[in-house]
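Enquirer: Sharing a model that was predicted from the sequence below.
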Amino acid sequence: MQITSKFCRIKVNTSTIFSDFKQLTKVGLSLSVVFSSLAGYLLAVDKIQISILVMLVIGGYLMVGASNAFNQIIEKDTDALMKRTLNRPLPTGRMHVSMALVIAISFTILGLAILYSINPKSALFGAISIFLYTSIYTPLKSLTPLAVFVGAIPGAIPFMLGWVAATDDFSIEPGMLFLIQFFWQFPHFWAIAWLQYDEYKKAGFNLMPMGQKNKKAVIQIIIYTACLIIVSVIPVLKITGSFYIYPITAFILVFLGSIMLFYAIKLFKNQSNKEARQLMLSSVFYITLIQIIYVVDKFLH
């Protein structure tokens with residue numbers, strides 16, 4: 001009976017440790033970022049190199065995991081104030097800050113080393129992403145809504161990182177991929193900020209574009225959604241180097257973007273959490289689907 005009890009405790013502890021590790025590094029978010037990097041890589045190559053693909057997946061995951069871990073170390077006290085984050089491993093004390101720091105630093109060193117082994121430019125953009133997210137975006141969140149603009153930069157790097165990993169070159173094509181994901185960040189994140197407005201206020205964060213949860217803020221969301229639709233179809237003009245799309249693809253992208261725009265306009269009219277949630281979910285659907293569509297379009301050329 002005693003042996004069984006000890007075994008159960010070990011099993012529970014192992015399960016808790018693994019769960020805390022996943023929360024610290026935000027596995028779901030990290031995997032979605034890796035997906036963007038893979039899409040960028042596939043857009044750039046004619047012949048897939050499995051070794052580069054594997055290194056990109058591992059290096060990209062470690063890079064994002066490190067950023068998330070550093071973020072939670074810095075925001076340990078504010079996380080304890082919000083329902084959404086109070087059960088994270090650091091606010092609850094299940095994990096010590098020193099352990100989280102070891103994970104964050106290890107992930108940074110290993111992730112950048114792997115990206116460097118692909119090519120130096122990949123490591124450079126990985127380092128820029130970690131630095132901006134950790135050292136600029138995270139501290140700015142408690143000071144100004146402009147933090148969202150800073151956070152959109154590291155958030156937009158993964159899509160272009162895949163292209164850079166494939167080509168060892170930064171030119172108009174990865175720049176375009178960056179721009180698409182950059183503009184996408186705003187309606188996506190502001191929809192989340194709308195939903196979490198009261199919770200963010202408890203932690204001293206005010207991340208709505210106009211500082212308030214009102215129609216003026218939604219006008220900004222609508223503008224950036226429209227900009228996103230425009231930049232998403234620019235490749236149809238064949239002015240973005242080897243990254244271009246068919247007209248039919250552009251029509252599909254406009255249709256998908258219109259769904260986001262529809263929910264943004266509904267949010268303007270009704271100003272309810274229901275529309276904000278629909279906008280947020282449609283933005284996730286949009287960025288995932290357009291990356292797949294770009295890749296399919298490329299292999300039809």
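Expert: That came in fine, so what should we check first?
Enquirer: Residue 143: what secondary structure?
Expert: With DSSP: H, G, I helix; E, B strand; the rest coil as the basis, residue 143 sits in coil.
Enquirer: Quick check: pLDDT value at residue 184.
Expert: At residue 184, the model reports a pLDDT of 97.
Enquirer: now the helix or strand that contains it, how far from the chain's geometric center?
Expert: Following DSSP states H and E, one finds residue 184 within helix 172-195. Here the centre of helix 172-195 is set off from its chain's centre by 9 Å, with C-alpha atoms, centre = their mean, to the nearest Å.
Enquirer: With stretch 30-38 instead?
Expert: 8 Å.
Enquirer: Flag every buried residue along that stretch.
Expert: By 16 or more other C-beta atoms under 10 Å, the buried positions in stretch 30-38 come out as 30, 33-38. Yep, even glycine has a C-beta here, placed from its N, CA and C like the rest.
Enquirer: now swap in stretch 48-60 and tell me
Expert: Within stretch 48-60, the residues scored as buried using 16+ other C-beta under 10 Å are 52-53, 55-57, 59-60.
Enquirer: Who's the closest spatial neighbour of the residue nearest the centre of the chain, skipping the chain neighbours?
Expert: Centroid check for the chain by C-alpha atoms, centre = their mean gives residue 155 as the closest residue, at 4.8 Å. Excluding the flanking residues, the one nearest residue 155 by C-beta to C-beta, 6 or more residues apart in numbering is residue 185, at 4.8 Å.
Enquirer: the helices in the stretch 51-200 of the chain, which residues?
Expert: For the stretch 51-200 of the chain, applying DSSP state H, counting those that start in this stretch gives helices covering 76-79, 89-92, 97-118, 120-131, 138-140, 147-167, 172-195, 197-202.
Enquirer: Any idea which of the ones you listed gets closest to residue 233?
Expert: Closest approach to residue 233 among the helices of the stretch 51-200 of the chain is made by helix 172-195 (9.8 Å; C-beta to C-beta).
Enquirer: Need the CA coordinates for that closest one. CSV is fine.
Expert: These are the backbone C-alpha positions of helix 172-195, laid out as CSV (Å, rounded to 0.1, in the frame of the first residue of the first chain):
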residue,chain,number,x,y,z
ILE,A,172,11.5,41.9,-50.3
GLU,A,173,9.9,38.4,-49.9
PRO,A,174,10.6,37.9,-46.2
GLY,A,175,9.9,41.6,-45.7
MET,A,176,6.4,41.0,-47.2
LEU,A,177,5.8,38.0,-44.9
PHE,A,178,6.8,40.1,-41.9
LEU,A,179,4.4,42.9,-43.0
ILE,A,180,1.5,40.5,-43.3
GLN,A,181,1.9,39.0,-39.8
PHE,A,182,2.7,42.5,-38.4
PHE,A,183,-0.6,43.9,-39.4
TRP,A,184,-2.4,40.8,-38.3
GLN,A,185,-1.2,41.2,-34.7
PHE,A,186,-3.3,44.3,-34.1
PRO,A,187,-6.9,43.1,-34.7
HIS,A,188,-6.0,39.8,-33.1
PHE,A,189,-4.4,41.2,-29.9
TRP,A,190,-6.8,44.1,-29.5
ALA,A,191,-9.7,41.6,-29.6
ILE,A,192,-8.0,39.7,-26.8
ALA,A,193,-7.4,43.1,-24.9
TRP,A,194,-11.1,43.8,-25.3
LEU,A,195,-12.0,40.5,-23.7
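Enquirer: tell me which strands and helices that helix is in contact with?
Expert: helix 27-44, helix 147-167, helix 215-233, helix 247-270, helix 273-300 (3 or more C-beta pairs under 8 Å, 6 or more residues apart in numbering; DSSP states H and E).
Enquirer: Secondary structure element for residue 207, which one?
Expert: Here residue 207, judged by DSSP H and E, is contained in no helix and no strand.
Enquirer: Does residue 46 fall in a helix, a strand, or a coil region?
Expert: Applying three-state DSSP: residue 46 is coil.
Enquirer: Show the backbone phi and psi for it.
Expert: phi -100, psi -30 (degrees, to the nearest 10).
Enquirer: check contacts around residue 101.
Expert: residue 73 (C-beta atoms under 8 Å, 6 or more residues apart in numbering).
Enquirer: ok, the residue nearest to residue 155 touching residue 157?
Expert: No: Residue 185 is beyond contact range of residue 157, at 11.0 Å (criterion: C-beta atoms under 8 Å).
Enquirer: Tell me which of those two has more neighbours.
Expert: A direct count of neighbours by other C-beta atoms under 10 Å for residue 185 and residue 157 places residue 157 higher, at 29 against 21.
Enquirer: any idea how far residue 273 is from that one?
Expert: 30 Å (C-beta to C-beta, to the nearest Å).
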